[in-house]
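**Q** A structural model of the following input is requested.
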Amino acid sequence: MVLDKKDFLDLPKNSIKRFAWGGTVGFYFTKADGTILALKGVCSHMECNVDYKPAEKRFYCPCHQGWFDENGKNIQGPPPKPLEIFVITEEGEKLIIAKKGSS
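**A** Numbering: from 1, shown residues only. Reported below is the predicted structural model:
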């Protein structure tokens, strides 16, 4: 996935910006400490879309009350695995978002 870097430069801390990841949603996420992550916004339990809850600094799946910490780790409810984390690479004015292990 190729994104325009300028669309993501001023993202406030503790917030997300959605992007299309195939037929699902991805999140470009700036954690409260300024760390940047890209995650697949789909629960590992039943593939429901998750959302970010800034007040709790956690991701939530409303289908079966699943919770993930701000690093995408499954911490409560039925999700059996963490959220999928993507690799972010910068190339000039572009952000390249890719699955781990892909080139």
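**Q** now do the contacts for the residue nearest the centre of the chain.
**A** Geometric centre of the chain, nearest residue: Leu39, 2.7 Å, by C-alpha atoms, centre = their mean. For Leu39, the contacting residues are 26-27, 29, 59, 72, 83-86, by C-beta atoms under 8 Å, 6 or more residues apart in numbering. Any C-beta I mention is one placed from the backbone N, CA and C, and that applies to glycine too.
**Q** ok, and the most crowded of these?
**A** Taking other C-beta atoms under 10 Å as the neighbour criterion, Phe59 ranks highest of the contacts of Leu39 with 28 neighbours.
**Q** and it, what are its bridge partners?
**A** With DSSP bridges as the criterion, the beta-bridge partners of Phe59 are Tyr52, Phe68.
**Q** so it touches Asn71, yeah?
**A** No. Using C-beta atoms under 8 Å, Phe59 is not in contact with Asn71; the gap is 9.6 Å.
**Q** contacting residues for the closest residue in space to Lys99 that isn't next to it in sequence?
**A** Of all residues not flanking Lys99 in the chain, Phe86 sits nearest, at 6.3 Å (C-beta to C-beta, 6 or more residues apart in numbering). Phe86 sits next to 26, 38-40, 97-100 when contact means C-beta under 8 Å, 6+ apart.
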